[in-house]
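Trainee: pasting the structure only:
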């Protein structure tokens, strides 16, 4: 490490390199003198799956003062958004999507999640933090739930539930969590969702079933986290 380069310059150099790949910046270097892992610079960048994520290997000073390495995973285009996880209530029922997950080799039951399109660089300030417009989930919601669910649905509200670290040990990824409330014609929606188990991709579950299935059919980390946040929020509403 060059002692003539200030901490601010080191951080700026790192973030300039990250920005060239549209990755979100580091907030702090860390300070080894305070028992923190301190980033010194970027050693290598792995772009083998850049459409989805980029791994960046940092040279660091460990908390014991010794040099080391630490690899972080960044979402693709993380400077725009780390994605959205969306608990969706339709006529008071929870929308659950069946997904095939290759890493697990099985079908799972999840709330919708994904990446939205970049709208612009504006941000929304609020009590629950700062949202970039790229975090807003409406495009993700339409894509994940499909036309059968979203056709003629009316949006009642969007509540930002927070930004939660995906894996604080290895990833610089903090998706935005939302509760979205929609209204739709119950009879038409029910008719659209009829079909065989193999054909159905979206389900409407009661709050009781959601609670019963947490840790069972609902075993995806994003989903469990999102539903815990949403149920906590809903239980605090005076009308519930």
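Mentor: Perfect, thanks for sending it. It should be emphasised that the depicted structure is a prediction, and the values quoted were computed from it without experimental measurement.
Trainee: helices and strands of the protein: which one bottoms out on pLDDT?
Mentor: strand 123-126 (a mean of 48; mean pLDDT, DSSP states H and E).
Trainee: Residue 169 and residue 37, how far apart?
Mentor: Taking CB to CB, to the nearest Å as the measure, residue 169 and residue 37 are separated by 11 Å. C-beta here means a position set from N, CA and C on the backbone, and glycine is covered the same way.
Trainee: Counting neighbours, go ahead and name the busier of those two.
Mentor: Neighbours around residue 169 and residue 37, counted as other CB atoms under 10 Å, are more numerous at residue 37. The numbers are 15 against 6.
Trainee: Where do the domain boundaries of the protein fall?
Mentor: When the chain is parsed into structural domains using automatic domain parsing, the resulting residue ranges are 7-75, 84-235.
Trainee: So, low pLDDT: which residues of this protein?
Mentor: Scanning the chain for pLDDT under 70 picks out 1-4, 116-139, 142, 144-151, 191-200, 237-240.
Trainee: So which residue is smack in the middle of it?
Mentor: In the chain, the C-alpha nearest the mean C-alpha coordinate belongs to residue 175, at 2.4 Å (CA atoms, centre = their mean).
Trainee: surely that one meets residue 82?
Mentor: Yes. In terms of CB atoms under 8 Å, residue 175 counts as a neighbour of residue 82; the distance is 4.9 Å.
Trainee: any residues in contact with both of the two?
Mentor: In the contact map built from CB atoms under 8 Å, 6 or more residues apart in numbering, the residues linked to both residue 175 and residue 82 are 163, 166.
Trainee: quick one: the residue nearest to the centre of the chain from residue 206, how far?
Mentor: Here residue 175 is placed at a distance of 26 Å from residue 206 (CB to CB).
Trainee: Can you give me the buried ones in the helix or strand hosting residue 9?
Mentor: Using DSSP states H and E, the element containing residue 9 is helix 7-20. Counting neighbours by 16 or more other CB atoms under 10 Å, one finds that the buried residues in helix 7-20 are 10, 11, 14, 15, 18.
Trainee: could those residues go into a markdown table alongside distance to residue 229?
Mentor: Converted to a markdown table, those look like this (distance: CB to CB, whole Å):
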| residue | distance to residue 229 |
| --- | --- |
| 10 | 36 |
| 11 | 31 |
| 14 | 32 |
| 15 | 30 |
| 18 | 29 |
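Trainee: Which single one of those residues is nearest to residue 66?
Mentor: Distance to residue 66 across the buried residues of helix 7-20 (CB to CB) is lowest for residue 10, with 18.3 Å.
Trainee: Counting neighbours, what do you get for the nearest residue to that closest one once chain neighbours are set aside?
Mentor: Nearest residue to residue 10 in three dimensions, chain neighbours excluded: residue 29, at 6.2 Å (CB to CB, 6 or more residues apart in numbering). For residue 29, the count of nearby residues is 20 (other CB under 10 Å).
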